[in-house]
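[1] could you look at this predicted model? Sequence included:
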Amino acid sequence: MTARFITLEGIEGAGKSTLAKFVLAYLAQRQIPGRLTREPGGTPLAERIRQLVLERGAERLSPVTETLLMFAARDLHLEHVIRPALARGEWVVCDRFTDATRAYQGSGRGVDSDLIESLAAAVHGGLAPDCTLLLDLPVNVGLARVRGRAAGNSDRFEAETQAFFEKVRAGYLELARREPGRFHVIDAAAPLDAVEGRVERILEDLE
Ligand code: TMP
């Protein structure tokens, strides 16, 4: 069986972590080797880059710097985790990947899509997710979930405005519209068993 590269996307509070656990449990049940990882992060150095981009420091990060840091972390992650795991035949389940850069830095911050696509081609030309599960829900619902959890300690993204997340959400939905074969848009406001049932059918089709 060919290893698959599955990515999970969505705005904050959409339920990616819960879904990630469900996907891993699905794979384990079928004795399919699976590896859960995340971006930005997934290697020791990439996790340090994650801290840099998420912390609310005094120095402003420009949208281009933010984009470059995301791709620097991604390059490390691909070299040390994603490509080796896929080569060993493991299914890689990645909590966010380049679609997050397209949605957050591209649609949210207004970074030129040509820059993003040329960095994507340089860092992982020839490698794209086999399947992207986009958890979609209204921004106010997602933000209420996250801000309840963060209790005043929100990171640089969680502290963003509703208008920013509306652009991110619209960006994701546009990406899904352009690549309907790869993207599956899942209603994250639906009951958990409905979400999991839908995802189970998608995974069955990937096997
Ligand atoms: P997480 O909270 O889902 O782990 O993601 C961390 C934050 O990083 C989240 O707010 C989205 C943001 N992000 C980007 O802005 N661009 C990217 O390319 C990635 C991978 C994440």
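    Received the coordinates, thanks.
[2] near the ligand at all, the helix ranked longest in the chain?
    Ranked by residue count, the top helix of the chain under DSSP state H comes out as helix 162-178. No - for helix 162-178, no contact with the ligand is found by CB under 6 Å from any ligand atom; the gap never falls below 8.1 Å. In this view, the C-beta of every residue, glycine as well, is placed from N, C-alpha and C.
[3] tilt between the worst-scoring helix or strand of the chain on mean pLDDT and helix 162-178?
    Least confident helix or strand of the chain, by mean pLDDT, DSSP states H and E, is helix 139-150 with a mean of 88. In terms of direction (axes from the mean of the first three to the mean of the last three CA atoms, to 10 degrees), helix 139-150 departs from helix 162-178 by 120 degrees.
[4] show me what helix 139-150 is packed against.
    The helices and strands touching helix 139-150, judged by 3 or more CB pairs under 8 Å, 6 or more residues apart in numbering; DSSP states H and E, are helix 162-178.
[5] ok, residues contacting the helix it packs on?
    Helix 162-178 has contacts (CB atoms under 8 Å, 6 or more residues apart in numbering) with 9-12, 99, 102-104, 106-108, 132, 134, 136, 139-140, 142-143, 183, 185.
[6] and the next helix or strand past that helix?
    Following helix 162-178 in sequence order, the next helix or strand is strand 183-187 (DSSP states H and E).
[7] dump that following strand to CSV, keeping only the CA atoms.
    This file holds the C-alpha atoms of strand 183-187, laid out as CSV (Å, rounded to 0.1, in the frame of the first residue of the first chain):
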residue,chain,number,x,y,z
PHE,A,183,-9.7,19.0,-0.5
HIS,A,184,-12.6,17.8,1.5
VAL,A,185,-14.5,20.6,3.2
ILE,A,186,-15.9,19.3,6.5
ASP,A,187,-18.5,21.1,8.5
